[in-house]
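>>> What shape does this take:
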Amino acid sequence: MGAALAAVATDANNLANENRAPGILSGAIWPDETGAPPEHLISAWDALADYLTSHPDEGWQVWIDWYEARLRGGPPDWERERAYVLDLEDFWDQGPAAANAEIARRLADLAADRPSGERLDVIPETGRIGIVPAEAEDPEALENAVQKVQDALDDFRASPSANMAGYALGAALRKLDRALARYRENPRRLHDDFADSARIIARAVADDPELDTPSVRDLAETCAQGVLDIRIASREVSDMEADRRRRRARAPSAESRSALTRLLQEAGEALEPDLAEEMAEDVAELEASDAPDDGLLPDGAAKDAELRSAHRVAWLYRFSRMSEGQIVVVAERAMRHVDDIERLVNLLKTFDDWWPLISLVLRGG
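Now for the predicted structure:
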């Protein structure tokens, strides 16, 4: 039996079994047990994808990503599915560029509105786009979590282990020093930096068991506990983490990473330095990941970097497409002149490589 008939037979058998029927929606088009898809279909899809990407102004990347997601399988995201099909007739009448741009706008808005522990907005004092962190519902619990990590870090540096382990734990120590000095009131940033530090320490100890001293162990455990305490102190950070665990994030392509680097260079004037710095660090984290292009990212630093990047790119894309009315609203909220906001929007609007970044947003799962 050929692969096509085997795939149809598998679906038919699953449909006949009420326990397995729902799984068809999340299954791959070519189930593993039916073998590889026919070579001529693979060649036909590759040829079609190449043709579509040769017309970048028409924005077919949204559909390439959609179909490749169907090929891979996975739980359907119904909000995203609706973005592809509902109320698009008038846009298709204007041609594929208009329709696909509207789909991209919808998908970016969905990504921007996911729980993330932050939003991007114009900072009144500087007139640049920056991070507005979620507030902690329990600021005292947040401060207690931060102080415990500070105390554990001080204890480590005062211990005999500091000389032996300082170099191996350098990345974690620098991350903690910066978080404690600059981000004490940013629950999302503290959460992610504490989590990254705990992972770095765990890897270092796994590589060199001699580093497993009481002060090192206490620092790692306190960072891990701080992560949990911050989720309790901030509901939005807790929601963000739950959403992250549901997401099947995939490694962005080299083209997407390059486009994001270019965006930071060409439109960096529109961004607060902290935001530009964090986004550049996430690009570096993704570059260092050993996940293959489009490969599934396991829970950890690289997945978090992809999801943060997807969320922030979605926000910047939203800024780039603001209408005159929306610009006025932002200017009033930020207490800035309308011309200031128009300048930011134009810096982003004139960037000429948004489609690889839309692909990055879609790979956020």
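>>> can you tell me which residues contact Asp196?
The neighbours of Asp196, taking CB atoms under 8 Å, 6 or more residues apart in numbering as the test, are 172, 175, 301, 304. Yep, even glycine has a C-beta here, placed from its N, CA and C like the rest.
>>> Would you list the phi and psi of the third one?
By that I understand Ala301. Its backbone dihedrals place Ala301 at phi -60, psi -40, with angles given as degrees, to the nearest 10.
>>> Tell me who's in contact with it.
With contact taken as CB under 8 Å, 6+ apart, Ala301 is in contact with 196, 199, 285.
>>> Reformat the residues you listed as TSV; add pLDDT, distance to His40 and secondary structure.
Formatted as TSV, the contacts of Ala301 follow (pLDDT from 0 to 100; distance: CB to CB, whole Å; DSSP: H, G, I helix; E, B strand; the rest coil):
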residue	pLDDT	distance to His40	secondary structure
Asp196	94	46	helix
Arg199	95	45	helix
Glu285	94	39	helix
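>>> isn't Arg189 right up against Leu180?
No. Distance between Arg189 and Leu180: 10.7 Å, which falls outside the contact criterion (CB atoms under 8 Å).
>>> more crowded one of those two?
Arg189 (22 against 17; other CB atoms under 10 Å).
>>> Now do the residue nearest the centre of the chain against Glu118, distance only.
The chain has Leu307 as the residue nearest its centroid, 1.2 Å off, counting by CA atoms, centre = their mean. When distance is defined by CB to CB, to the nearest Å, Leu307 is 12 Å away from Glu118.
>>> How about Arg250?
Distance from Arg250 to Glu118, by CB to CB: 22 Å.
>>> Those two: which has the busier surroundings?
Arg250 (26 against 23).
>>> my read: Phe194 touches Ala179, true?
Yes. Using CB under 8 Å, Phe194 is in contact with Ala179, at 7.2 Å.
>>> quick one: which of these two has more around it?
Neighbours were counted for Phe194 and for Ala179 using other CB under 10 Å; Phe194 has more, 27 against 23.
>>> tell me the contacts of that one?
Remark: with contacts taken as CB under 8 Å, 6+ apart, Phe194 is in contact with 149, 176, 179, 223-224, 226-227, 230.
>>> Now tabulate these in a markdown table and tack on pLDDT, distance to Asp90 and secondary structure.
Putting the contacts of Phe194 into a markdown table (pLDDT from 0 to 100; distance: CB to CB, whole Å; three-state DSSP) gives the following:
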| residue | pLDDT | distance to Asp90 | secondary structure |
| --- | --- | --- | --- |
| Val149 | 98 | 53 | helix |
| Leu176 | 97 | 53 | helix |
| Ala179 | 96 | 48 | helix |
| Cys223 | 98 | 52 | helix |
| Ala224 | 98 | 52 | helix |
| Gly226 | 98 | 51 | helix |
| Val227 | 98 | 47 | helix |
| Ile230 | 98 | 45 | helix |
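>>> From these, pick the one nearest Glu68.
Using CB to CB, the shortest approach to Glu68 within those belongs to Val227, at 33.1 Å.
>>> residues touching the closest one, list them.
With contact set as CB under 8 Å, 6+ apart, Val227 has these partners: 191, 194-195, 198.
>>> Tell me which residues are up against stretch 241-258.
Outside stretch 241-258, the residues touching it (CB under 8 Å, 6+ apart) are 74-75, 114-115, 191, 231, 260, 283, 286-287, 289, 291-297, 299, 302-304, 306-307, 309-310, 356-357, 359-360, 363-365.
>>> filter the residues you listed to the buried ones?
In terms of neighbour count (16 or more other CB atoms under 10 Å), the buried residues within those are 114-115, 191, 231, 260, 283, 286, 289, 291, 297, 302-304, 306-307, 309-310, 356-357, 359-360, 363-365.
>>> where exactly do the helices run in the stretch 151-300 of the chain?
All helices of the stretch 151-300 of the chain, identified by DSSP state H, counting those that start in this stretch, fall at 161-165, 170-182, 187-207, 214-233, 235-246, 254-266, 273-288.
>>> So which of those is nearest Glu324?
Where these are weighed against each other on CB to CB, the nearest is helix 254-266, at 23.4 Å.
>>> what's the angle between that closest one and helix 273-288?
Between the axis of helix 254-266 and that of helix 273-288 there is an angle of 160 degrees, by axes from the mean of the first three to the mean of the last three CA atoms, to 10 degrees.
>>> what's the model's confidence in helix 254-266, averaged?
The predicted model gives helix 254-266 an average pLDDT of 96.
>>> Can you give me the buried ones in that helix?
Within helix 254-266, the residues that count as buried by 16+ other CB under 10 Å are 255-257, 259-260, 263-264.
>>> show me where the protein has strands.
Taking DSSP state E as the criterion, the chain contains strands spanning 118-123, 128-133.
>>> for the first one, packing partners?
Taking 3 or more CB pairs under 8 Å, 6 or more residues apart in numbering; DSSP states H and E as the contact definition, the neighbouring helices and strands of strand 118-123 are strand 128-133, helix 301-320, helix 324-334, helix 338-349.
>>> and if we set it to 7 Å?
Using 3 or more CB pairs under 7 Å, 6 or more residues apart in numbering; DSSP states H and E as the contact criterion, the elements in contact with strand 118-123 are strand 128-133.
>>> Now do the strand it packs on against helix 187-207, angle only.
70 degrees.
>>> Run the chain-centre distance for strand 128-133.
Distance of strand 128-133 from the chain centroid (CA atoms, centre = their mean, to the nearest Å) equals 17 Å.
>>> before we move on, what about stretch 214-231?
With CA atoms, centre = their mean as the basis, stretch 214-231 stands 24 Å off its chain's centre.
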